[in-house]
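# structure for this input, please:
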Amino acid sequence: MFTTVVLSIHVLLAIAVVGFVLLQQGKGADAGAGFGAGASGTVFGSSGSSNFLSRTTATLATLFFATSLTLAYFSGTTTVSESVLDQIEVQPVRESDVPSMGGAMNDAVPFDVPAKDGIPAVQ
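Numbering: from 1, shown residues only. Next up is the predicted model:
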């Protein structure tokens, strides 16, 4: 049950991280303004303090990493059975357990009819 809860949180965190990454503006978008505007000392803009989106993305990524480690830990501690066939108890077959055919099979095979030219006769 705990694994199911952690897995659900993990999936929600993955969706949130993807959403927040897609909402952010890339650093390459300000490259044109960096050449002509003179607003920053570098080509890709100044590296000032991070905004709300980048802080939230970092927090969600950390939580995603923690849930990944938690799921890996729980999957490593579970016991897995070898095979379904290994769980079956094999019991020896007794002659009394096998159903007998009675005389029905013996009557169906004509042993007393002689073969003609190597081909058995059929009644």
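
# where does this structure dip in pLDDT?
28-50, 77-81, 95, 97-123 (pLDDT under 70).

# buried set for the helix or strand harbouring T70?
Assigned by DSSP states H and E, T70 belongs to helix 52-77. Neighbour-count burial for helix 52-77 flags 56-57, 60-61, 63-64, 67, 70 (criterion: 16 or more other C-beta atoms under 10 Å). For glycine as for every other residue, the C-beta is placed from the backbone atoms N, C-alpha and C.

# check which helices and strands that helix sits against.
helix 2-23 (3 or more C-beta pairs under 8 Å, 6 or more residues apart in numbering; DSSP states H and E).

# now do the helix it packs on: everything it contacts.
By C-beta atoms under 8 Å, 6 or more residues apart in numbering, the residues outside helix 2-23 that reach it are 53, 56-57, 60-61, 63-64, 67-68, 70-71, 74-75.

# at 10 Å instead, please
Residues from elsewhere that reach helix 2-23 (C-beta atoms under 10 Å, 6 or more residues apart in numbering): 52-68, 70-71, 73-75, 78.

# then stretch 7-15 to CSV, C-alphas only?
Only the C-alpha atoms of stretch 7-15 are listed here, as CSV (Å, rounded to 0.1, in the frame of the first residue of the first chain):
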residue,chain,number,x,y,z
LEU,A,7,4.3,5.6,-6.9
SER,A,8,1.2,7.9,-7.2
ILE,A,9,3.2,10.9,-5.8
HIS,A,10,6.1,10.0,-8.1
VAL,A,11,3.9,10.2,-11.2
LEU,A,12,2.3,13.5,-10.1
LEU,A,13,5.8,14.9,-9.5
ALA,A,14,6.9,13.8,-12.9
ILE,A,15,4.0,15.6,-14.6
